[in-house]
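need coordinates for the below:
(2 chains)
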Amino acid sequence: MNDMSTLHHVSPLTHSLSTLGGELGRGGLDLARIRADFPILRQRVHDKPLIYLDNAASVQKPKAVIDAISDCYSHYYANIHRGVHLLSERSTAAYEGAREKVRAFLNAASVQEIIFTRSTTESINLVASSFGGSTVKAGDEIVITGMEHHSNIVPWQLLCERTGATLKVIPFTDAGELILEEYERLLDSGRVKLVALVHLSNALGTINPAKWMIDLAHARGIPVLVDGAQSVPHLAVDVRELDCEFYAFSGHKLYGPSGVGVLYGKQALLEAMPPYQGGGDMIRLVTFEKTEYADLPNKFEAGTPNIAGVIGLGAALDWLNAIGLDAVAAYEHELLDYATAQLQEIPGLAIMGTARDKAALAAFTIQGIHPHDIGTILDREGVAIRAGHHCAQPVMQRYGVPATARASFAVYNTRDEVDALIKALWKVKELFE
Amino acid sequence: MSDLRDLYQEVILDHNKRPRNFRILPQPTHHADGVNPLCGDRISVYLDIEDGVIKDIAFQGAGCAISSASASLMTEALKGKPVNEIEHLFEAFHNVVTTDCECPKGLGKLSVLAGVRDYPSRVKCATLAWHAVRAALEERKQTVATE
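Here you go, the predicted structure:
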């Protein structure tokens, strides 16, 4: 289905690239080759070359992913798990093949632990509703961090409203690092039923010490859900090494299509949990008196799923694996350092989120200039960034700002693009002075 | 840069830097808060209405240059106007920031915001203060209705 022969991104360090000003990441990434995989990047906006730095909101898709989806619809699409005909068998094999790719990507023990959902948000809601709904009682506590995306706050608030449980929040420092003494203090209440923590903050870029935090929770017998929406495209994740109970992420931030999410859950927990939604594909036997549910993972996949989307996610993982997440992380780190150094030279610019362990994005404010005005002016220079509260209003409240501007990077971004961002920011200053 | 100047005109930058009527009225007859939930802009408007005329109007809040300047210009435009002209003025203003219409003369300085029409995502910034004024007046209507 996918032409794997096109996936040769890693080239020797000695190779030079004149087209990109000799840009070759320290990890030996062939940036020209990587960029050539993204048709959307070859365009001009407002008569300027597109510089896409809104990757934390959603990342662009390589041709391998677009082709995989197109190939499915063009050649073998049918509903899965039920047809006796050839197309259904092929679709089912491709869909389940993608599940195996996700399993391998996370190093999960079994494909039965990989549930396809719509999004990270739905994955978290599934756990809040099914696991939370069946185990959390009045007086219990759920612990989250102060830097969560709304999608890892609101499902727990809804659960608390339903059950009479309480939400507890781990505070963080001005640099954007969790105060871990406070975390331990919260865990010691004896009432905590679940910890839900963001792996990589979309508003600050902070990488939280997930493994360490999971171990602390486990020492008290408390299960942990990790929101990995931002982390999976930027750092290698091994759920067995982390030992978390649940890990949630989305396809669209991982070079795959939107409308596909993943929930990893430990098999014993998933087996004990009641279904989240009822419908087709999640049952073994239905009578009007009683329904027997299907085995994992189908028990949690009611209804016809996003078949081509899941297959597209599988193609995205192939594409990303061919580059290697370690090389991606090293390159993006270098890019972030390069950007940070230049951003700090702009008078009145303050970076929000300066954690020691940080990845892939720079959120900032400029004194006297609202982030939306920054965003609009940058857009006219061809530079796409995000301006707003990034679905993390409590983080904005923590710093006392209504919004920030955020430049977020993907593996296809270059130093030249960082230079263009900086140049455009100087224009913002000029216009407002 | 030139097309950005169409949006960020000197008058707008000036009103952003030095917003007029940027204060709280201690005892307003009407008051409402406006929020753009998607971007977090917040504004409070205060009106002092006597005999159907806006005797005083003020605002406070935090927002982008477009929403701040629009609120500031709006307070200047509405001060001294009969209440029953507000709706007509808002309609004319809304047309100017959303369509390619000719700017009606009666809009005065408000027409500097016409550049917003080329930035659809910023229309909500330009109209936030106006929506807040409308909400403040509707509150009055509701009070009247319940009495």
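
check contacts around the residue in chain B that chain A sits nearest to.
Residue nearest to chain A within chain B: residue B:64 (3.7 Å; CB to the nearest CB). All C-beta spots, glycine's among them, are computed from the backbone N, C-alpha and C. By CB atoms under 8 Å, 6 or more residues apart in numbering or on different chains, the contact list for residue B:64 reads A:370-373, B:39, B:41, B:122, B:125.

and for residue A:117?
Contacts of residue A:117 by CB under 8 Å, 6+ apart are A:123, A:126, A:260-263, A:300.

run through the bridge partners of residue B:42.
residue B:35, residue B:62 (DSSP bridges).

separation between it and residue B:125?
As judged by CB to CB, to the nearest Å, residue B:42 and residue B:125 stand 12 Å apart.

looking at these two, which is more packed in?
residue B:125 (28 against 18; other CB atoms under 10 Å in any protein chain shown).

still on that earlier bit, who touches both of residue B:42 and residue B:125?
With CB under 8 Å, 6+ apart, residue B:42 and residue B:125 have common neighbours B:36, B:63.

now do the SS call for residue A:253.
coil (DSSP: H, G, I helix; E, B strand; the rest coil).

what sits against it?
A:55-56, A:58-59, A:229-230, A:232-233.

can you give me the strands for chain B?
Ranges of strands in chain B, per DSSP state E, are B:30-36, B:41-50, B:53-62.

tell me which of the ones you listed is the most buried.
Scoring the strands of chain B by mean neighbour count under mean count of other CB atoms under 10 Å in any protein chain shown gives strand B:41-50 as the most buried, with a mean of 21.

most distant residue from the middle of chain A?
Distance from the centre of chain A peaks at residue A:289, with 41.2 Å (CA atoms, centre = their mean).

ok so that one is a helix residue?
No - counting by three-state DSSP, residue A:289 is not found in a helix; it is coil.

need phi/psi at it.
With angles defined as degrees, to the nearest 10, residue A:289 sits at phi -90, psi -40.

for chain B, see how far away it is.
Here residue A:289 is placed at a distance of 46 Å from chain B (CB to the nearest CB, to the nearest Å).

so who does the residue of the stretch 51-200 of chain A found nearest chain B touch?
Relative to chain B, the nearest point of the stretch 51-200 of chain A is residue A:150 (11.5 Å; CB to the nearest CB). Residue A:150 is in contact with A:391-393, counting by CB under 8 Å, 6+ apart.

get me the contact residues on chain A for chain B.
A:368-373, A:376-377, A:380, A:387-389, A:393, A:396, A:402-403, A:427, A:431-432 (CB under 8 Å from any CB of the partner chain).

can you do 7 Å?
Neighbours of chain B within chain A, by CB under 7 Å from any CB of the partner chain: A:370, A:372-373, A:376-377, A:380, A:388-389, A:396, A:402-403, A:427, A:431-432.

narrow these to those in helices?
A:372-373, A:376-377, A:380, A:396, A:427, A:431-432 (DSSP state H).

redo the residues you listed as CSV? Include pLDDT and distance to residue B:26.
CSV is the format used below for those (pLDDT from 0 to 100; distance: CB to CB, whole Å):
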residue, pLDDT, distance to residue B:26
A:372, 93, 31
A:373, 95, 31
A:376, 95, 36
A:377, 96, 38
A:380, 95, 42
A:396, 91, 30
A:427, 96, 42
A:431, 94, 37
A:432, 92, 33
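
just among those, which is most surrounded?
Using other CB under 10 Å as the neighbour criterion, residue A:373 leads those with 29 neighbours.

quick one, longest helix in chain A?
Criterion DSSP H: the longest helix present in chain A is helix A:86-106.

how far away from the center of its chain is the very next helix or strand once past that one?
With elements assigned by DSSP states H and E, the helix or strand that comes after helix A:86-106 is strand A:114-117. Taking CA atoms, centre = their mean, to the nearest Å, the mean C-alpha location of strand A:114-117 is offset from the chain mean by 15 Å.

quick one: strands adjacent to strand A:114-117?
By DSSP bridges, strand A:114-117 pairs with strand A:261-265 (antiparallel).

got the angle between the partner strand and helix A:86-106?
Here strand A:261-265 points in a direction 60 degrees away from that of helix A:86-106 (axes from the mean of the first three to the mean of the last three CA atoms, to 10 degrees).

poorly predicted segments of the stretch 1-150 of chain A, please.
A:1-27 (pLDDT under 70).

got the residues of chain B near chain A?
B:1, B:3-4, B:8, B:13, B:38-42, B:62-65, B:119, B:122, B:125.

which of these fall in helices?
B:3-4, B:13, B:65, B:125.

going through the residues you listed, which ones are buried?
B:4, B:13, B:65, B:125 (16 or more other CB atoms under 10 Å in any protein chain shown).

and which of the residues you listed is nearest residue A:142?
residue B:125 (36.4 Å; CB to CB).

list the residues that contact that closest one.
A:372, B:41, B:63-64, B:66-67 (CB atoms under 7 Å, 6 or more residues apart in numbering or on different chains).

state the distance from it to residue A:332.
33 Å.

likewise for residue A:377?
25 Å.

same question, residue A:268
Distance from residue A:268 to residue A:332, by CB to CB: 36 Å.

higher neighbour count, the two?
Using other CB under 10 Å as the criterion, residue A:268 and residue A:332 rank with residue A:332 on top: 25 against 10.

can you tell me the element the more buried one falls in?
Under the assignment here (DSSP H and E), residue A:332 is part of helix A:325-343.

for residue A:248, same thing?
Short version, using DSSP H and E: residue A:248 is in strand A:246-250.

need the ones in helices among the residues of chain B next to chain A in TSV with pLDDT, can you?
Shown next, in TSV, are those (pLDDT from 0 to 100):
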residue	pLDDT
B:3	79
B:4	88
B:13	95
B:65	94
B:125	92
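
would CSV of the strands of chain B with mean pLDDT and distance to residue A:184 be doable?
Shown next, in CSV, are the strands of chain B (pLDDT from 0 to 100; distance: least, CB to CB, whole Å):
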stretch, mean pLDDT, distance to residue A:184
strand B:30-36, 91, 37
strand B:41-50, 93, 37
strand B:53-62, 95, 36
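
format those strands as TSV; extra columns: distance to residue A:247.
As requested, the strands of chain B are exported to TSV (distance: least, CB to CB, whole Å):
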stretch	distance to residue A:247
strand B:30-36	34
strand B:41-50	35
strand B:53-62	37
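
and the residue of the stretch 201-350 of chain A closest to chain B?
For the stretch 201-350 of chain A, CB to the nearest CB, closest residue to chain B: residue A:203, 12.4 Å.

hmm, that residue is touching residue A:392, no?
Yes - with contact defined as CB atoms under 7 Å, residue A:203 reaches residue A:392; the gap is 3.9 Å.

what touches both of those two?
In contact with both residue A:203 and residue A:392: residue A:147, using CB under 7 Å, 6+ apart.

between those two, who's got more neighbours?
Using other CB under 10 Å as the criterion, residue A:203 and residue A:392 rank with residue A:203 on top: 28 against 25.
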